[in-house]
Each structure stands twice: as structure tokens, then as C-alpha cells.
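**Student:** got a sequence here, can you model it:
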Amino acid sequence: MSDEQRIDLNEVAPAEVAEVDLYQKREKIYTRKIEGFFQRLRLYTGWPLLIGYFALPWLEWGGRQAILFDLPARKFHILGMTFWPQDFSMLAFLLIIAAYSLFAVTVVAGRVWCGYTCPQTVWTSIFMYLEQRFEGSRNQRMKLDKAPMSLEKFARKGMKHSSWLFVAFMTGMTFVGYFYPIRQLVPELATLSTGFWQVAWTVFFTLATYINAGWMREQVCKYMCPYARFQSVMFDKDTLIVSYDAKRGDPRGSRKHNADYKELGLGECIDCQLCVQVCPTGIDIRDGLQYECIGCALCIDACDSVMDKMNYPRNLISYTSEHELEGGTFHWLRPRIIGYAIMLSIMTGVFTYNIINRVPLEMTVMRDRGELYVETADGRIENIYTIHIVNMTDEQRRYTLNISGLEGAKIIGNSEPIVAAGGDLTVPLRVNAAPETIDVPSKTIHFSLTAEDNPDLTVTIESRFMKPL
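**Tutor:** Numbers count the residues shown, from 1 in each chain. Now for the predicted structure:
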């Protein structure tokens, strides 16, 4: 390396060299309240989530709670359907569809999920609103925190934390209400007559909400959420991200309202810092795309309000793509999006088909491995089987068991089992057949189980019938 290429660190400005202590104390972020188009849009996305979360456990369907994950009974009621642990493959498939949907949205519009519908963002917004209601504006909150303890400060802090705990308690209780009947849980909690685990989980989720949304806030997004770390690999040059147009905005600088910024050699950014003050994660979007950005568009609304006052064009900060910032055009249709669309269409179609054609009945057939066959006194052949039946409906049912694929075969045992609602039953039985009807040592047979009161509830399982060589 030549002398001209060497850099003397002592000659570099302090702003260009900084040490970051990963264990340094968190600096509290005081956000400024701002109104605008995107913040109204966030209300339309956040409120349905809140209303749905708090209201769904109270809805009834067919005489029971519409959505209830009854873990002790191993029943998962979702509207008119009841799922069992045997249906967990469907849950896994649904989670895969949700993940692919998130990836597809990220390719198109960046972290809009984080900014508009993520529970951490929605609940943090509620807590920030309550903080502003009881402690005042950004400057008032900063002054209040620096002021010595007084009766007014104690009262304001107390009301804020009381409101936080109330929202956190309602959140925790509602969450437990998805696993324990909420119409039973609420009076039990009110009279302190509920069980230990109901209280323990309510307290746990109350504290989790209170800490995550009230105290940790942006740290959950920055350090705990894995999505923040890998979302950038899904971006391309046509992904819509919140970006600052440096060509328009730089050089930054303050100026009088009616001054010609071009004559002053300045860009359109007046360096008011409003975009930084409204950011819930405390970043400066003008420094470029950062993984801490959750795409909430608060900085867009803040900047647009300043541009309106200065009579400058809007969208100095906007949802845009790298191609557009470089003077190109945004492309909606591109191979990655088409691929996601095709995959999502296929997976959603398969999932919907499986749900519609789902039979709430399960049967397994196990042959006796210890004794392949038995020769009876009259010269016939018998095989021994164990049938396990799971009735995944809410009614007791009688079933009829039949066998096919083996001419003249007879079932010896309980061929009309009765299974309790949501229960299972193990039935030992034998299949008896004449040896002359079996042309191979191992014959394929089929067991069919059908509900007597509903022919649509039927399942067929393949097995083998063995005879001497």
C-alpha cells in the first residue's frame, strides 16, 4: 500500500469513526406524534386486528366457543370444525402458506407486515398513545423524565403504567381465553376461584405484553425478531422500501420559508430532524436503508407535512425502489413474484381441497407379526389384526367394518364398534378365508369403516392377508 493510500485515523473526523458498545445502556426514544395518510392507513389495519383478537373468544358457534384450543381434551375448535392432534399436518401446511405469503409480500413491499399489522407494532402503538395521553408531547415527556420526583410526576407516571397494565392484563386474559373457555375464565378470575395454571399463564402473558410493548419496544424489533435479520435477502431492486431521495434532498440545510434553496446551494431537505423524531426505532432514514426500519411510514408523513409547509413537492421520503431512485421504473411482474404467486396458488388450492374433503375419522390396521397365519380345524386360514379407530366428531357413533379384496372372507370379532365422541377404540379381530380363494402367499385386502348414520364418514385402509406357501 502506497503512502497516498494510507489513512491516518487521527486525521479522520470523530463523526466518521465511532465505537458501538453492544452492551451499552439503551437510550430511550421519545417519539413525536404525527398525522398523515399512512398513519390513517395503519388505523385501518391495526383496529381489525385488535377487534378480532379481543372479540373472537366471545363468539359462539353451535353452542360452544367459536375458537377454542382445548388442550386437555386434545380438541381444537375453529368455527364449525373440530381438529385433533392427527390434523397437525394441516397446521404445518397452513404455517408454510403463511410464511410464503409473508415472503411474497416482502418481495413486493418490504416490511409492510412489520409496520402495519405485526402485533408488536400494534400493541406498542397503543402503549405509545397512552404515554402521550398521560405524559404529554415529546418535549413534555423529556422534561418530565429529567424533572425530580414530585406529586405530579408520580401521578402521571402512575396513570400511564396503570393503563399499560390494564391493556396488558386484558391482552393476557384474552390469550388464555383461547385455551380455556373465556366465559368461564373471566368470572373465575374476578372471584379468585380459578385454577393455578389459568392464573399463572394470565400473569405471564400480562407481564410479557407490559414489558415488550411498554419497555422494550424497538429492541424487540431490532434484536429479538429474526425477520429483521433475514428480510434483506428477499429484497431486490424493485422492492418498495421507505427511502430518502438524496438527489433531491442533499445538501441539507435550514433556510427561510421563502428563500430560493437553489441559490443557496441547498437541496429540498431543511434538516428539521422531524423524520428522526417520529421514528419508533430511532433511526435516520436519510442514512439509507437499515435493518431497524420497520416500514411504518411515519417519516413519510412527517416529511410530507414539512414539504407542504415549504411548498415543495412531496415524496422526498417515500415508498420507492432502487430502480426508481436511480431514474428507472418500478416493475410489478418479475420472476420471483410470479414464482411466489404460482406456489401460493398451488398450496392454497391443495389446503382448501384437503379441508373441504377432510373426513373426521381415522383408522389404523396392524397385523399380528408374531403369528403370520393360523390354520383352523376345518382347513381355513385366519390372520389376526388389531384395528385402532379414532372418532374425531363431537357425537358418539356406531361404525360398520367391512373387508374387500378376498372372496368369501369373514370377519370374526366386533365388526360394528361404537366409539365415543372424540374417543378412540382398539378392536382385536380375525379374518377367516378358504385357502382355495387365495392365489398368492400374500394377498392385498382392504378394510373399510363407515358410520351407520352418515355414509360420508368412511375410511379405507390397505393391509395384507398371509397363507402358507
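
**Student:** break this protein into its domains for me.
**Tutor:** Annotated domains of the chain cover 25-358, 361-466 [automatic domain parsing].

**Student:** make JSON lines from those and add mean pLDDT and mean neighbour count to it.
**Tutor:** All C-beta spots, glycine's among them, are computed from the backbone N, C-alpha and C. Output for the domains of the chain, formatted as JSON lines (pLDDT from 0 to 100; neighbours: other C-beta atoms under 10 Å):
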{"stretch": "domain 25-358", "mean pLDDT": "91", "mean neighbour count": "16"}
{"stretch": "domain 361-466", "mean pLDDT": "90", "mean neighbour count": "15"}
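
**Student:** hey, which strand is longest across the chain?
**Tutor:** strand 454-466 (DSSP state E).

**Student:** output that one as PDB, nothing but the C-alphas.
**Tutor:** C-alpha atoms of strand 454-466 as PDB (Å, rounded to 0.1, in the frame of the first residue of the first chain):
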ATOM      1  CA  ASN A 454     -73.500 -40.900   7.800                       C
ATOM      2  CA  PRO A 455     -72.200 -42.800   4.800                       C
ATOM      3  CA  ASP A 456     -69.900 -39.900   4.000                       C
ATOM      4  CA  LEU A 457     -67.900 -40.700   7.100                       C
ATOM      5  CA  THR A 458     -65.900 -43.600   5.700                       C
ATOM      6  CA  VAL A 459     -62.200 -44.600   5.500                       C
ATOM      7  CA  THR A 460     -60.400 -47.400   3.800                       C
ATOM      8  CA  ILE A 461     -57.100 -48.900   4.700                       C
ATOM      9  CA  GLU A 462     -55.000 -51.400   2.800                       C
ATOM     10  CA  SER A 463     -53.400 -54.500   4.500                       C
ATOM     11  CA  ARG A 464     -52.100 -58.000   3.700                       C
ATOM     12  CA  PHE A 465     -53.500 -61.500   4.200                       C
ATOM     13  CA  MET A 466     -51.000 -64.300   4.500                       C
END
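
**Student:** who touches that strand?
**Tutor:** 359-365, 367, 372-373, 381, 383, 385, 393, 397, 406, 409, 431, 433, 438, 441-451 (C-beta atoms under 8 Å, 6 or more residues apart in numbering).

**Student:** partners of it, with directions?
**Tutor:** Using DSSP bridges, strand 454-466 pairs in its sheet with strand 442-451 (antiparallel).

**Student:** quick one, strands of the stretch 51-200 of the chain?
**Tutor:** 60-61, 64-65, 67-70, 75-78, 81-83 (DSSP state E, counting those that start in this stretch).

**Student:** just the element for residue 40, please.
**Tutor:** helix 37-55 (DSSP states H and E).

**Student:** can you spell out which helices and strands pack onto that helix?
**Tutor:** helix 119-135, helix 151-177, helix 298-310 (3 or more C-beta pairs under 8 Å, 6 or more residues apart in numbering; DSSP states H and E).

**Student:** what inclination does the longest one have with respect to helix 37-55?
**Tutor:** Using axes from the mean of the first three to the mean of the last three C-alpha atoms, to 10 degrees, the interaxial angle of helix 151-177 with respect to helix 37-55 works out to 60 degrees.

**Student:** just to revisit the earlier point, just put the strands of the stretch 51-200 of the chain in a markdown table and tack on distance to residue 196.
**Tutor:** Shown next, in a markdown table, are the strands of the stretch 51-200 of the chain (distance: least, C-beta to C-beta, whole Å):
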| stretch | distance to residue 196 |
| --- | --- |
| strand 60-61 | 27 |
| strand 64-65 | 22 |
| strand 67-70 | 18 |
| strand 75-78 | 22 |
| strand 81-83 | 27 |
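
**Student:** just so I know, which of these lies nearest residue 93?
**Tutor:** strand 81-83 (12.3 Å; C-beta to C-beta).

**Student:** so residue 169 versus residue 463, what's the distance?
**Tutor:** 55 Å (C-beta to C-beta, to the nearest Å).

**Student:** ditto for residue 363
**Tutor:** Counting by C-beta to C-beta, the gap from residue 363 to residue 463 is 11 Å.

**Student:** so what sits against both of the two?
**Tutor:** In contact with both residue 363 and residue 463: residue 447, using C-beta under 8 Å, 6+ apart.

**Student:** quick one: secondary structure of residue 383?
**Tutor:** strand (DSSP: H, G, I helix; E, B strand; the rest coil).

**Student:** give the contact list for it.
**Tutor:** Residue 383 neighbours (C-beta under 8 Å, 6+ apart): 367, 368, 372, 373, 374, 430, 431, 465, 466.

**Student:** bridged to it, which residues?
**Tutor:** Residues in beta-bridge contact with residue 383 (DSSP bridges): residue 431.
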